[in-house]
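# test case, fold it:
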Amino acid sequence: MSFGVLISPIELRTFLRANGWKLLPAAIKDRLYVLSNDRYPRRQLIFPMDSAAPDYAETVENVISKLAEMTGQGTPLLRSMIETVQSDVLRLRVYFEGNDRSLPLPFATGLISGAEKLLKSAACTAVMPRTNHPRLSLAEATQFIENARFGQTEAGSFILQISCPVHAMEIQGALQLDERDAPFVRQVTLSLHLALTQLIDAIEADMLDELVEELKSSKAPLISANLCEALSAMHDQQINNSLDVSFNWSSSSRAGVQTYREDPLRFQHDYFSRIDDVQAELKAVEKDDEDTFIGTVERLEGEMGSDGRRSGAVMLSLLLPEGETVRARTSLNPDDYVIADRAHMSSNTYVRLTGRLRTGRQPRQLTDLKHFGIVD
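Next up, the predicted model:
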């Protein structure tokens, strides 16, 4: 099958216009797209507006060949750029010395899962920035991954290509980036680019301690332990590989990318031990959450007092803001215990409570209780 069949007229037109080609309106009545560019005088690119036209595939191939000749870019690269014109494309290139014609199979499978975790952690950070995400299960992160596409591998050692349709999600993230009106997918890819750049700069300047302290105190950290863990999964000690991460921004939306470079971000093989150190530091930083929670009463463990009233421990199931459900234990006074008993004995009854949720294994401890009541 010709590659021209895979490229729609709109994709080709959008790509050309984003790269300085101007449309000649008079040709549209003849169902043709005719485009010219001031950089290439006396040259025009012409192709049908209808993909069902008999010569459509051949014409598109000719357009790409002419474009490759004029720009000096290879035709495979141009085809890939046109096919993903509506997407931000992430390319992960693994390279190493020696026989680079094969990868250990466990590492190859881990490479793909690591790429998924890298994007999921960036999506979770865009929605709810923190130094460590207990689970990468936010609905927005799951939807982001479902919309992403794994592309064909490319020449040049081992290259994974993942395209992220830039207009696939109509939600807004929580990060205050320079371009607040950028689509959510663009916010994710921008935040990932920024996070990787911060990490490389800190490693190369020997300022990881300063970076970790900054992340710990930040209200919106871009780097999480999950992101570091995903990067570590892309390094194999046996082959001692390095990793290039490059971004190609969608031509259909330039929001926020004007100041971002598209050259690869390079993680040399000796960077990964430092990334492991950052992961360990960030994973140990979980803060106790003091907030208002919604949950259910799962078990009553109180004891009868001398006054004939029960008080003491209860087991709760709390819904955290990021969508995770955790088990927690707290101690209630007699008045709150009566409320907990009523909630426990009634179906579909939720309680609202304010306190400090301590970190650690489940059941987690909930202390400093300030309010306990049934949700109306």
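
# so which bits of the helix or strand hosting Glu69 are buried?
Glu69 belongs to helix 56-71 when assigned by DSSP states H and E. For helix 56-71, the neighbour count (16 or more other C-beta atoms under 10 Å) marks 56-57, 59-61, 63-64, 67-68 as buried. From N, CA and C alone the C-beta is placed, and that goes for glycine too.

# do stretch 247-265 as well
For stretch 247-265, using 16+ other C-beta under 10 Å, the buried residues are 247-253, 255-257, 265.

# from these, which is closest to Gln44?
For the buried residues of stretch 247-265, the residue nearest Gln44 by C-beta to C-beta is Ser251; the value is 20.0 Å.

# if you skip the residues just before and after it, what's nearest to the closest one?
Sequence neighbours aside, Ala18 is the residue nearest to Ser251 in space, at 3.3 Å (criterion: C-beta to C-beta, 6 or more residues apart in numbering).

# what do you get for Gly151?
Nearest non-adjacent residue to Gly151 (C-beta to C-beta, 6+ apart): Gln161, at 3.5 Å.

# make sure the one you found is indeed in a strand.
Yes. According to DSSP: H, G, I helix; E, B strand; the rest coil, Gln161 belongs to a strand.

# which element follows the helix or strand encompassing Cys228 toward the C-terminus?
Using DSSP H and E, Cys228 maps to helix 225-232. Downstream of helix 225-232, the next assigned helix or strand under DSSP H and E is strand 242-248.

# buried set for that next one?
Neighbour-count burial for strand 242-248 flags 242-248 (criterion: 16+ other C-beta under 10 Å).

# will you turn those into TSV that also has distance to Leu357 and pLDDT?
Output for those, formatted as TSV (distance: C-beta to C-beta, whole Å; pLDDT from 0 to 100):
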residue	distance to Leu357	pLDDT
Ser242	41	95
Leu243	37	95
Asp244	41	95
Val245	35	96
Ser246	40	93
Phe247	37	93
Asn248	42	89
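
# dump those into TSV; add distance to Gln362 as well.
Shown next, in TSV, are the buried residues of strand 242-248 (distance: C-beta to C-beta, whole Å):
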residue	distance to Gln362
Ser242	39
Leu243	35
Asp244	40
Val245	35
Ser246	40
Phe247	38
Asn248	42
